[in-house]
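Peer 1: Coordinates for the following, if possible.
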Amino acid sequence: QVQLVESGGGLVQPGGSLKLSCAASGSIFSIYNMGWYRQAPGKQRELVARITNTGSTNYADSVKGRFTISRDNAKNTMYLQMNSLKPEDTAVYYCNADLRSGSNGYRYTNYWGQGTQVTVSS
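Peer 2: Predicted structure coming up:
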């Protein structure tokens, strides 16, 4: 079955950096749009950044200039480089992808990862 597995979260001081990774597995045929979302306690899940299979990107205004989304199509992996982190960036970060897989009959399907905690605190 398809899995999206995030890694790279942790505790960092304000102004610090982290790099998140999201690896897709499970007889992947093709991955289309991918994105990072986050959800802080008591708040709704929100889009952080998104990248198409051709490399076009868009970002939430709150992270523009600080975060960079990228992907390695050969590795079925997406990244989020987070710099100049602020306490308000504290949240669970989720990976999301639209893909076709041999394990789901090649249907165009949306998947979520389990999330990775990012905490920005001194």
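Peer 1: Shouldn't residue 5 be within a strand?
Peer 2: Yes: with DSSP: H, G, I helix; E, B strand; the rest coil as the criterion, residue 5 is part of a strand.
Peer 1: Run through the bridge partners of the residue nearest the centre of the chain.
Peer 2: The chain has residue 36 as the residue nearest its centroid, 3.1 Å off, counting by Cα atoms, centre = their mean. With DSSP bridges as the criterion, residue 36 is bridged to residue 49, residue 95.
Peer 1: Go ahead and confirm it touches residue 57.
Peer 2: No: if you go by Cβ atoms under 8 Å, residue 36 and residue 57 don't touch, sitting 10.8 Å apart. Just so you know, the C-beta spots here come from the backbone N, C-alpha and C atoms, and that holds for glycine as well.
Peer 1: hey, what's in contact with both of those two?
Peer 2: Listed as contacting both residue 36 and residue 57 by Cβ atoms under 8 Å, 6 or more residues apart in numbering are 49-50, 69.
Peer 1: Mind putting these into a markdown table with distance to residue 113?
Peer 2: As requested, the shared contacts of residue 36 and residue 57 are exported to a markdown table (distance: Cβ to Cβ, whole Å):
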| residue | distance to residue 113 |
| --- | --- |
| 49 | 15 |
| 50 | 15 |
| 69 | 15 |
